[in-house]
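Enquirer: return a 3D structure for these sequence lines:
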Amino acid sequence: MPKLYKLKLILGGAQNSGKSSFINFINRHQKAEPPIGVSFESVNCYANNGDLYKFLVWDLKDRERFRFLFPVFCRGAYTGLICFDLSDKNSFLDLNRWITLFRESAGEIPIILIGTKADLEKREVTDEEINDLIAREGLECAFFTSTYDNDEKKEEIFREIVQKIDLNNPLNHFYILQDSDDKKFKLIEKLFERCPICKKKNHSNRDLRNVYYNKHNPVTIRLRENLLRLINNLENINIEHSNKISIGIPCCACFKEFFGEQQV
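Expert: Here you go, the predicted model:
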């Protein structure tokens, strides 16, 4: 049975630390400055055979007028991420403020550092300084990112977070939902949202979602490709025949009525 987790994640970092570039990997749409000092991004991670990890990322905006609210925003977080600029020593020195905030407000949660702008020749923070800070403060680890990193690099950060949720459950497969995937899935979801026999709305699309986002099982990969091909072909069906065609997934009652005797 696939597992479902819903978790809160807090993201901190000084102004110009590269935090916006990192969060825009998750949601690439630019947004206006939020009026309360925090914005929200959702990240859906799929692992193994359909396990779903839904993260709500609280992106704390480092403005002086908002800082009194940060302790409240941090409560209930499962993990903390802190960005700093590898080419700016002051950005690195500011990490102590964020670490203290996370520890005092959210408890002993795992904290991961994200060193940004790793592609720049100018670098003011050494690996030794970063490792010393990790050891001294009991942090998890540090990742280095740049504007040229591909999505696989940034997936490592969330894979690290997910792995710590259940150390006894190895991650054989891992994938972060992309905007393009979501748009395609919504087309499939709309096509199969009602039973083709009784026309009642199907109560759940969880199994369909698990099939679509499983990108490592050859059987589900072929099935997803066929579903997308079916949707494309439906657009080419002659209108005069379209009312004679009924496509979808039978609801539980109709499946039992028509196919019950064929179940093994």
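Enquirer: can you give the domain ranges for this protein?
Expert: Using automatic domain parsing, the domain parsing of the chain gives 4-174, 178-262.
Enquirer: what about the longest one, start to end distance?
Expert: Okay, so that is domain 4-174. In domain 4-174, first residue to last residue: 14 Å (Cα to Cα, to the nearest Å).
Enquirer: where does the prediction get shaky in the stretch 151-264 of the chain?
Expert: Applying pLDDT under 70 to the stretch 151-264 of the chain flags the ranges 151-152, 179-182, 203-207, 209-211, 214-216, 234-246, 260-264.
Enquirer: would you map the helices across the stretch 151-264 of the chain?
Expert: Listed from the start of the chain, the stretch 151-264 of the chain has helices (DSSP state H, counting those that start in this stretch) covering 151-163, 179-191, 206-213, 218-234, 239-242, 252-259.
Enquirer: to Phe102, which of these lies closest?
Expert: Among the helices of the stretch 151-264 of the chain, helix 151-163 comes nearest to Phe102, with 14.2 Å by Cβ to Cβ. For every residue, glycine as well, the C-beta is placed using N, CA and C.
Enquirer: let's have the domains of the chain in a markdown table, adding mean neighbour count.
Expert: Rendered in a markdown table, the data for the domains of the chain read as follows (neighbours: other Cβ atoms under 10 Å):
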| stretch | mean neighbour count |
| --- | --- |
| domain 4-174 | 17 |
| domain 178-262 | 13 |
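Enquirer: returning to what we had before: may I see the helices of the stretch 151-264 of the chain organised as TSV, with distance to Leu139 added?
Expert: Listed next are these as TSV, based on distance: least, Cβ to Cβ, whole Å:
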stretch	distance to Leu139
helix 151-163	12
helix 179-191	31
helix 206-213	31
helix 218-234	37
helix 239-242	59
helix 252-259	48
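Enquirer: out of the ones you listed, flag the one nearest Asn131.
Expert: Shortest separation from Asn131 across the helices of the stretch 151-264 of the chain is recorded for helix 151-163, at 16.6 Å, computed as Cβ to Cβ.
Enquirer: packing partners for the closest one?
Expert: Applying 3 or more Cβ pairs under 8 Å, 6 or more residues apart in numbering; DSSP states H and E, one finds that helix 151-163 contacts helix 19-26, strand 38-47, strand 51-60, strand 111-116, strand 141-144, strand 174-176.
Enquirer: okay if I get those as a markdown table plus distance to Ser87?
Expert: Written out in a markdown table, the entries for these read as follows (distance: least, Cβ to Cβ, whole Å):
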| stretch | distance to Ser87 |
| --- | --- |
| helix 19-26 | 13 |
| strand 38-47 | 25 |
| strand 51-60 | 22 |
| strand 111-116 | 9 |
| strand 141-144 | 12 |
| strand 174-176 | 27 |
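Enquirer: fine by me, thanks again.
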